[in-house]
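Visitor: One predicted model, sequence on top.
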Amino acid sequence: MKKLLICLIVLWSSAMNALAIEEPTFEVIKRFSQFEVRKYQAYLVAEVVVPGPAEKAGNTAFEYLGGYIFGKNKGSKKIEMTAPVSQTPVPTKIAMTAPVSQSATEGGYLVQFAMPREFTMDTLPEPTNPKVKLREMPAQTYAVIQYSGSWSQTLYEEKLSLLKKSISEAGLKIDGEPIFSRYNAPFSLPFFRRNEIWIAILM
């Protein structure tokens, strides 16, 4: 299992460093000094829920999602790697007056791989692992902050705090949990990485 995981990560590294990797389609609606507002079209994802902590969730999830796109599906079909790899805390039921939490919950973390646009829900191969689910993400408007550097929880929380403050100062209203999106392979140098935090907003 360890050798398989290493192989998958190496393959992911090659794919994620490709020059023309596919992303979900979006339009930039407005740019602010610290973030931009993007309107995303609906897109398909393969997803899995894994336990925390946040800094290990992505690697844990890759065993399942990487396996799926490299052939662990009915028909053994290989699927092109796309970007980003997204991660968000699984929400729990909280009081309506409580603030949105940025910490891990008992539900763990939801990690998603975006699927290539060539597929529909009818044509995506079915996962052989029942933990891997396929879903359509609806069209949504997000406030997005972009930064380079490590994938550490400390840096993530610093940028998340800045994004929330900037959203509030812009007079916009948050409408969802933060999503941590990564566009590069694990072995990429931190200062070359494109990292983003998305938060759904009401327009």
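Guide: Now that the structure is in, tell me what you want to look at.

Visitor: Spit out the contact partners of the spatially most central residue of the chain.
Guide: In the chain, the residue lying closest to the centroid (C-alpha atoms, centre = their mean) is S86, at 0.7 Å. Taking C-beta atoms under 8 Å, 6 or more residues apart in numbering, we find S86 in contact with 45, 111-112, 114, 179-182, 198. Just so you know, the C-beta spots here come from the backbone N, C-alpha and C atoms, and that holds for glycine as well.

Visitor: Among those residues, which ones are in strands?
Guide: 45, 111-112, 114, 179-182, 198 (DSSP state E).

Visitor: out of the contacts of S86, who's nearest F32?
Guide: Nearest to F32, judged by C-beta to C-beta, of those is W198 at 14.5 Å.

Visitor: picking up where we left off before, and the residue nearest to the centre of the chain, helix, strand or coil?
Guide: strand (DSSP: H, G, I helix; E, B strand; the rest coil).

Visitor: beta partners of it?
Guide: Q112, S181 (DSSP bridges).

Visitor: Tell me where this structure has helices.
Guide: Shown for the chain, the helices assigned by DSSP state H span residues 2-16, 54-69, 153-169.

Visitor: Quick one: mean pLDDT for the last one?
Guide: Looking back up the chat, that one is helix 153-169. In this model, helix 153-169 has an average pLDDT of 96.

Visitor: Show me what that helix is in contact with.
Guide: Counting by C-beta under 8 Å, 6+ apart, 32-35, 53-55, 102, 143, 145, 147, 149, 174, 178, 180, 195, 197, 199, 201 sit against helix 153-169.

Visitor: switch to 10 Å and redo it
Guide: 32-35, 37, 52-55, 87, 99-100, 102-104, 143-150, 152, 172-174, 178, 180, 190, 195-199, 201 (C-beta atoms under 10 Å, 6 or more residues apart in numbering).

Visitor: right, and I79 touches V45 too?
Guide: No: I79 lies out of contact with V45 (C-beta atoms under 10 Å); the separation is 11.7 Å.

Visitor: Please identify every residue contacting each of the two.
Guide: 113, 115, 124.

Visitor: Give me the neighbour count for A83.
Guide: 19 (other C-beta atoms under 10 Å).

Visitor: now it, nearest residue through space, not along the chain?
Guide: Y183 (4.5 Å; C-beta to C-beta, 6 or more residues apart in numbering).

Visitor: what sits against that neighbour?
Guide: By C-beta under 10 Å, 6+ apart, the neighbours of Y183 are 16-17, 21, 23, 82-85, 146, 193-196.

Visitor: Relative to N73, how far out is it?
Guide: Separation of Y183 from N73 (C-beta to C-beta, to the nearest Å): 24 Å.

Visitor: Let me have the contacts of S86 in JSON lines, extended by pLDDT and neighbour count.
Guide: Converted to JSON lines, these look like this (pLDDT from 0 to 100; neighbours: other C-beta atoms under 10 Å):
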{"residue": "V45", "pLDDT": "92", "neighbour count": "20"}
{"residue": "V111", "pLDDT": "90", "neighbour count": "24"}
{"residue": "Q112", "pLDDT": "91", "neighbour count": "23"}
{"residue": "A114", "pLDDT": "92", "neighbour count": "20"}
{"residue": "I179", "pLDDT": "93", "neighbour count": "19"}
{"residue": "F180", "pLDDT": "93", "neighbour count": "24"}
{"residue": "S181", "pLDDT": "92", "neighbour count": "23"}
{"residue": "R182", "pLDDT": "91", "neighbour count": "19"}
{"residue": "W198", "pLDDT": "95", "neighbour count": "24"}
